[in-house]
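Undergrad: based on what follows, work out the 3D shape:
(4 chains)
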2 protein chains.
Amino acid sequence: MSAPKKLITIHDIARELGISASTVSRSLNNNTRISKATRDAVQRMAAMHDYQPNKMAASLRMGSGNTVGVIVPNINRKFFASIISGIEQVLSQEGYNLMICQSNELREKEEKALATLLDARVDGILMSLSMETKSYEHIETAMRRGTQMVFFDRIPENLEVDSVVINDYQAAYKLTSKLIKQGYKRIAHVGGSRSINVYRNRNQGYRDALLAAHIEINEEWIIETSMTVEGGSNVLEDFVLAGNIPDAVVCAGDFAALGILQSAKKHSIEVPGHLLLSGFANEDFTSLISPKLTSVDQRGKDIGRFAAKRFLDKKKNMPTRKIELEAKIIYRSSTNDNTE
Amino acid sequence: MSAPKKLITIHDIARELGISASTVSRSLNNNTRISKATRDAVQRMAAMHDYQPNKMAASLRMGSGNTVGVIVPNINRKFFASIISGIEQVLSQEGYNLMICQSNELREKEEKALATLLDARVDGILMSLSMETKSYEHIETAMRRGTQMVFFDRIPENLEVDSVVINDYQAAYKLTSKLIKQGYKRIAHVGGSRSINVYRNRNQGYRDALLAAHIEINEEWIIETSMTVEGGSNVLEDFVLAGNIPDAVVCAGDFAALGILQSAKKHSIEVPGHLLLSGFANEDFTSLISPKLTSVDQRGKDIGRFAAKRFLDKKKNMPTRKIELEAKIIYRSSTNDNTE
DNA sequence: CTGAAAGCGCTTACAG
DNA sequence: CTGAAAGCGCTTACAG
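TA: I've put the predicted structure just below:
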């Protein structure tokens, strides 16, 4: 009852029909050189027996499978879940399965996931780096093996790889400029590790917007922290302790922004009354809290779709490309904007 | 550059070492009958060449693989993401990989996912039913094939299957009783399709709590709806239109509860001032919104862990079991409770 | 249009 | 302790 039942194979069908396994195989694959009569007979017999081809055997024989690996820091973040949906949408209709792994932002787990996927002989790997990943030996090893790889969002920038990102720099630049235009000058920035392209770019966008407006940059207001609720909360507490509170914060992540918001409430610093605030990622909660948080839609589904297409193209030997999508800023009440 | 490179096999190692492939295979698998000397030599050579065993070939030969399939309605819901984490935690250290599919609450997609996983010859399938799944032919077919299956949360109740759930009935009963004890009598219930065990059980828990307190059940206040923000919002609008607004709503889902909350605000119905409200699932946002929403921690990670262990046990021919975990109610301000 | 044969990369019973 | 051989379930070049 519990042992996997012996499943039917092409040889069983062949025997039953008094033909060869080759013919069964060809019939099942709709090979045209087979007479319609036998093809029909085979397919009928296969259906009757619930025949399910053994893809492992086929993959082994053909030297390439139909599984693609995905590594994300965390599946329970809307952004990454959307990306996975996008990837699945494109790849499943090409007959691929997805094997999804999480790095949990740990380099060690990322390496293990990578090894697991190589082990499983996936056809390709689509991935976003963990927060801890600052050097790329494991990735270079995988690529040396000839594995098709496409990176998205957090990418190994100094490597010649296929990638799909949004224009983080522009988004941060625009957001900051918008605040400046509203008359604010004391604008802080809270971001993650600068070894990660997205945080480095958002940081640079913020800086350049200030520079363009001839506003002096105050390094004390440029904070690098863990992009968690707690991390954000600590940042605001530090501002309060220092007795030097900005008018606005351009934050590189929604969770950290939420922490800032919560701590601000605690200190009766009103948002947007006393402090403007924006996040990044357009997490579900951004439109559910009060005030609603201005954020950046990172177009996860599109990123996923493009990454999947990139993989498909690579299989056809198309050249390496770096794709940049345009992010969509969602202005909400936390920046005095009520368009939504 | 783009074609998958030819990878090294046990035969290559054997040739280089002047021994047989059998010996290489045994050495790599730490078979004790091999002399330490040759075992070491083989393992050194393998490491030198970045040898990666082809698991597909091994699985084919051994008749069973190391991949487990998971089907959930949606990966971007905290509950299901947690379950997946729990499953992964247990199974990855047993050497299994996960293949994750989403049904998107559609029976058709669920069937397709099931077929895909069977096709991939997974060792087992852990799944939660889609909202649309009311009959179980596809599942019975899969089980007839001898596939190890474990269900969690939403399960095919009239089938003799392994399952892991929480005590939804008790949770709803306790929640409702708590409200009654606070003096409320006009209590409504909003839930999902009663063809799904979890919603049926929550519904029954609610009813029985009222009965136990000798409060008459008002069928107009027992609503079955899509458990979305919109669905919940519509329910409250209907209450308002009918001019018959309850004092409290025990809602079987957080998103629907959020919809109720938002519509209530629109109509200046204060929560918890005029209306008590509770949800289910303990989604992230429940503690982020105002008022904080009382909800039920469904212990996703534990469910995942138990489901994975159940799968492992089944492989060892242990008998079918139905496991029920105790849910944890998180009382918050939406029910006048500020323990958190 | 169909079949016999080889081979994908492993593992393992059999033999020594 | 080690090797030769068979076989897991497919696909496909070769031959007819």
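Undergrad: please enumerate the strands of chain A.
TA: For chain A, applying DSSP state E gives strands covering A:67-72, A:97-102, A:124-127, A:148-152, A:162-166, A:187-191, A:222-224, A:248-251, A:276-278, A:295-297, A:322-325, A:328-330.
Undergrad: how long is stretch A:178-198 end to end?
TA: End-to-end distance for stretch A:178-198, by CA to CA, to the nearest Å: 20 Å.
Undergrad: and it, which residues are buried?
TA: A:178-180, A:184, A:187-193, A:196-198 (16 or more other CB atoms under 10 Å in any protein chain shown). Every residue, glycine included, has its C-beta placed from N, CA and C.
Undergrad: number of residues surrounding the closest residue in space to residue A:313 that isn't next to it in sequence?
TA: Leaving aside its chain neighbours, residue A:313 sits nearest to residue A:321 (7.8 Å; criterion: CB to CB, 6 or more residues apart in numbering or on different chains). Residue A:321 has 14 neighbours, counted by other CB atoms under 10 Å in any protein chain shown.
Undergrad: between the buried residues of stretch A:178-198, which is nearest DNA strand D?
TA: Nearest to DNA strand D, judged by CB to the nearest atom of the strand, of the buried residues of stretch A:178-198 is residue A:197 at 40.0 Å.
Undergrad: quick check on the closest residue to the closest one other than its chain neighbours: phi, psi?
TA: Among residues not flanking residue A:197 along the chain, residue A:157 sits closest, at 5.0 Å (CB to CB, 6+ apart). Backbone torsions of residue A:157, given as degrees, to the nearest 10, read phi -70, psi -30.
Undergrad: what's the spacing between residue A:157 and chain B?
TA: 21 Å (CB to the nearest CB, to the nearest Å).
Undergrad: per-residue pLDDT, that residue?
TA: pLDDT for residue A:157: 84.
Undergrad: and it, how many neighbours?
TA: Counted with other CB under 10 Å, the neighbours of residue A:157 add up to 17.
Undergrad: residue A:204 now?
TA: Neighbour count for residue A:204, taken as other CB under 10 Å: 15.
Undergrad: list the contacts of it.
TA: A:169, A:172 (CB atoms under 8 Å, 6 or more residues apart in numbering or on different chains).
Undergrad: could you pull out the helices in chain A for me?
TA: For chain A, applying DSSP state H gives helices covering A:10-17, A:21-28, A:36-48, A:55-62, A:78-92, A:107-119, A:137-144, A:168-181, A:197-212, A:229-242, A:254-266, A:300-315.
Undergrad: can you redo the ones you listed as TSV with mean pLDDT?
TA: Listed next are these as TSV, based on pLDDT from 0 to 100:
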stretch	mean pLDDT
helix A:10-17	89
helix A:21-28	90
helix A:36-48	88
helix A:55-62	87
helix A:78-92	90
helix A:107-119	89
helix A:137-144	90
helix A:168-181	97
helix A:197-212	96
helix A:229-242	95
helix A:254-266	94
helix A:300-315	94
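Undergrad: in a markdown table, list the ones you listed along with distance to residue B:106.
TA: Converted to a markdown table, these look like this (distance: least, CB to CB, whole Å):
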| stretch | distance to residue B:106 |
| --- | --- |
| helix A:10-17 | 32 |
| helix A:21-28 | 28 |
| helix A:36-48 | 24 |
| helix A:55-62 | 24 |
| helix A:78-92 | 13 |
| helix A:107-119 | 28 |
| helix A:137-144 | 35 |
| helix A:168-181 | 34 |
| helix A:197-212 | 33 |
| helix A:229-242 | 34 |
| helix A:254-266 | 29 |
| helix A:300-315 | 17 |
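Undergrad: wait, the residue nearest to residue A:313 touches residue A:165, no?
TA: No. Using CB atoms under 8 Å, residue A:321 is not in contact with residue A:165, being 11.8 Å away.
Undergrad: how far off centre is stretch A:274-287?
TA: The chain centre lies 20 Å from the centre of stretch A:274-287; the measure is CA atoms, centre = their mean, to the nearest Å.
Undergrad: restricting to C-alpha, output it in PDB.
TA: Output of stretch A:274-287 as PDB, limited to C-alpha atoms (Å, rounded to 0.1, in the frame of the first residue of the first chain):
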ATOM      1  CA  HIS A 274       6.300  66.700  10.800                       C
ATOM      2  CA  LEU A 275       8.100  64.100   8.800                       C
ATOM      3  CA  LEU A 276       7.600  62.900   5.200                       C
ATOM      4  CA  LEU A 277       8.400  59.300   4.600                       C
ATOM      5  CA  SER A 278       8.700  56.900   1.600                       C
ATOM      6  CA  GLY A 279       9.600  53.300   1.300                       C
ATOM      7  CA  PHE A 280      10.400  50.800  -1.400                       C
ATOM      8  CA  ALA A 281       8.700  47.600  -2.700                       C
ATOM      9  CA  ASN A 282       5.100  48.500  -2.400                       C
ATOM     10  CA  GLU A 283       4.400  45.800   0.100                       C
ATOM     11  CA  ASP A 284       0.700  45.000   0.800                       C
ATOM     12  CA  PHE A 285       0.700  46.800   4.100                       C
ATOM     13  CA  THR A 286       1.800  50.100   2.600                       C
ATOM     14  CA  SER A 287      -1.700  50.900   1.500                       C
END
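Undergrad: hmm, back to that, run through the residues that contact the residue nearest to residue A:313.
TA: Residues counted as contacts of residue A:321 (CB under 8 Å, 6+ apart) are A:162, A:310, A:313.
Undergrad: any idea how far it is from residue A:146?
TA: Distance check for residue A:321 against residue A:146: by CB to CB, to the nearest Å, it reads 19 Å.
Undergrad: now swap in residue A:290 and tell me
TA: Note on residue A:290: its distance to residue A:146, by CB to CB, is 52 Å.
Undergrad: and if you look at residue A:74?
TA: The value you get for residue A:74 to residue A:146, if CB to CB is used, is 28 Å.
Undergrad: and what of residue A:287?
TA: As judged by CB to CB, residue A:287 and residue A:146 stand 44 Å apart.
Undergrad: one more: residue A:80?
TA: Taken as CB to CB, the span from residue A:80 to residue A:146 is 26 Å.
Undergrad: which of these two has more neighbours?
TA: When neighbours are counted by other CB under 10 Å, residue A:80 and residue A:146 differ, and residue A:80 comes out ahead with 26 against 14.
Undergrad: tell me which residue in the stretch 101-250 of chain A sits closest to chain B.
TA: residue A:146 (3.3 Å; CB to the nearest CB).
Undergrad: nothing else from me, thank you.
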